[in-house]
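Colleague: Below are the sequence and a predicted model; questions follow.
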Amino acid sequence: MAAIELRNIVKVFSDKRRSRDLLTLDNINLDIEANDFVCLLGPSGCGKSTLLNIIAGFEQATSGRTLVDGKQVERPGSDRGVVFQQPTLMPWLTAIDNIAFHLKLKGVARAERYDRAMEFIDLVGLRGFEHHHPSEMSGGMNQRVGIARALLMNPSVILMDEPFAALDAQTKLEMQEELVAIWQKRRCTIVFVTHSVDEALVLGNKIVVMTRRPGRIREAVNFDLPRPRDITSPEFNDAKRHILALIREESTRLAQAS
Amino acid sequence: MTSVTDVSPARPAFRLTRAFHGLERLVVPALLIVGWEAFARSGMLPPALLPAPSAVLHALGDWVFGFDETTQTYSGHWLRDALASALRVFGGFALASLLGILAGVAIGWSRLFEKTLEPTLQMLRPIPPVSWIPLAIIWFGIADKPAIFLVFLGAFFPVLMNSIHGVKTVDHNLVRAGAMMGANGRQMLTDIVLPAALPSIFAGLRIAVGSAWMLTVTAEMVAVKSGLGYVLWDSYYFLRYDIVLAAMISIGLLGYLSDLGLKAIMARTLRWQQTTTVQGRAG
Ligand SMILES: Nc1ncnc2c1ncn2[C@@H]1O[C@H](COP(=O)(O)OP(=O)(O)O)[C@@H](O)[C@H]1O
Ligand SMILES: [Mg+2]
């Protein structure tokens, strides 16, 4: 049994102002195995966030079934950790309180909360900043808190929606390396949304290429290049060429159609 | 002047300019008071119509400390009068805050309350609180109650409106994050929506405390026989404009102090906001 099973997912948004329906996801079928690092790759507006939100339980598919660990997804829950594009931390809580928020909701005593959260503070390299508020930290540090917060729940899957898109290039590279290290160390299932081919190739061991509107799965590419990945190696470039070809084929098809 | 290489005398000079910066803001009020004093003493107007600042200060001093009974029956009774007003402000404000926050959060959070409660409240809102005075007197008589009722009316709506706004504009993604971490309905309200709405709620409380003082004084001029507003209006009948001005100063001062107190509580509660937004304005 796969960790995540998507069966014939269709999502239609109704555009009320123009009174017409917008087909956003068209019959998505996808299996994601446990401990996979899957990158959902596609141009902006193709429905990557929508698909992720359906897995997270934030949105309901118009039709189709979403199963996580064999259970139908009906609402958000702590079995699926989400890392948002913006850090989306509680601004009134310090880093450690944000990370331990899930435990607070469960009624765990403060001493134990802090004890358990410290492990994740260390994991994301934020020791010394545990009592800082989000407004006192950089975007990269806040995003680390967001990742730690999701990891602490020990979810079966972690869903990430372009979490590094707003970071500068240097910080982005650091965070990508750290995320891979965390994934290798903790063995979790990650679904990572991105519109960057390079990011997908640096991170994923499975790259799911989506088509422009309506969102369909063009191809799911397995990519088991050993890590740390050398982005100048011939294997890396071969894979990149293949994926770019898929995307280009898609845009010429669109250009011919119009 | 100090030379560039001479470092040590530069510091006192720097401190002097700093001290002058503090004084700058006093220049205009000082000129106004001196001009007013000179004009009042010139005899162009009878002193009873335009009391000099010194006379106002004298009246205020006697009202507070009772040294020569220039304020007659009020002499030495300032604390009693100020306390009477302050208690009405506090009573009406506390009630308005409690109910305003409760109703505002309920309306902002739940469609049901929004549909049932909000239209009625929004229809009552445009009625100026002072126009309730006749009804307030008929219902509550001449005492503390009509004043507290009016203060409540004046303070309730700013708290209500800002609480509704605060809850409605909570970042949608914070609610999603809370659901993702397993918050139930009650926790969503107490642990996410309420803290997120606090800055807006506090903004409402600060407007409300200003309205509260305004309406206390109004009520005391009409419907109550004690407090700073009553002294102000009573002195007007006896042509004691020095006491009228002393009362105005007292009301201004207490209103200012109430806001300062509220601002201090707000700065403590909202310490998590960027320091520039909380303390920057305080400076
Ligand atoms: N709540 C919504 N209501 C209507 N249309 C939406 C909504 N959310 C997304 N869409 C539309 O669905 C499409 C896909 O959006 P999204 O999933 O955010 O794309 P991506 O994350 O790939 O950039 C877009 O055309 C967007 O306008
Ligand atoms: Mg998106």
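Modeller: That came in fine, so what should we check first? Ligands and ions are numbered 1, 2, ... in the order given.

Colleague: Sketch out the low-pLDDT regions of the chain for me.
Modeller: Answering for chain A, as no chain was given. Chain A contains residues with pLDDT under 70 at A:251, A:253-258.

Colleague: was after chain B, sorry
Modeller: Checking chain B against pLDDT under 70 turns up B:1-20, B:274-283.

Colleague: could you say what helices and strands the one helix or strand A:Gln143 maps to packs with?
Modeller: Using DSSP states H and E, A:Gln143 maps to helix A:139-152. Secondary-structure packing of helix A:139-152 (3 or more C-beta pairs under 8 Å, 6 or more residues apart in numbering or on different chains; DSSP states H and E): strand A:80-83, helix A:95-99, helix A:101-105, helix A:110-123, helix A:169-186. Backbone N, C-alpha and C define where each C-beta goes, glycine included.

Colleague: buried sites along the fourth one?
Modeller: What it means is helix A:110-123. Residues A:113-114, A:117-118, A:120-121, A:123 are the ones in helix A:110-123 that count as buried (16 or more other C-beta atoms under 10 Å in any protein chain shown).

Colleague: any chance of the helices and strands packed on helix A:139-152 in a markdown table, with distance to ligand 1 too?
Modeller: Below are the helices and strands packed on helix A:139-152 laid out as a markdown table (distance: least, C-beta to the nearest ligand atom, whole Å):
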| stretch | distance to ligand 1 |
| --- | --- |
| strand A:80-83 | 14 |
| helix A:95-99 | 25 |
| helix A:101-105 | 25 |
| helix A:110-123 | 27 |
| helix A:169-186 | 18 |
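
Colleague: Show me the one of the ones you listed that comes nearest B:His172.
Modeller: strand A:80-83 (13.4 Å; C-beta to C-beta).

Colleague: and the closest one with chain B, contact?
Modeller: Yes: Strand A:80-83 lies within reach of chain B by C-beta under 8 Å from any C-beta of the partner chain, at A:80-82.

Colleague: of those residues, closest to chain B?
Modeller: Of all the residues of strand A:80-83 next to chain B, A:Val82 has the smallest distance to chain B: 4.7 Å, by C-beta to the nearest C-beta.

Colleague: what about residue 229, how many neighbours?
Modeller: With no chain named, the answer covers chain A. By the measure other C-beta atoms under 10 Å in any protein chain shown, the count of residues near A:Arg229 is 18.

Colleague: you looked at the wrong chain, it should be chain B
Modeller: 27.

Colleague: Ok, A:Glu136 next?
Modeller: Close neighbours of A:Glu136, defined as other C-beta under 10 Å, add up to 15.

Colleague: B:Trp36 too?
Modeller: Counted with other C-beta under 10 Å, residues neighbouring B:Trp36 total 16.

Colleague: what's the closest non-adjacent residue to it?
Modeller: Closest residue to B:Trp36 apart from its sequence neighbours, by C-beta to C-beta, 6 or more residues apart in numbering or on different chains: B:Pro53 at 5.7 Å.

Colleague: got the contact list for the one you found?
Modeller: Applying C-beta atoms under 8 Å, 6 or more residues apart in numbering or on different chains, we find B:Pro53 in contact with B:33, B:36-37, B:40.
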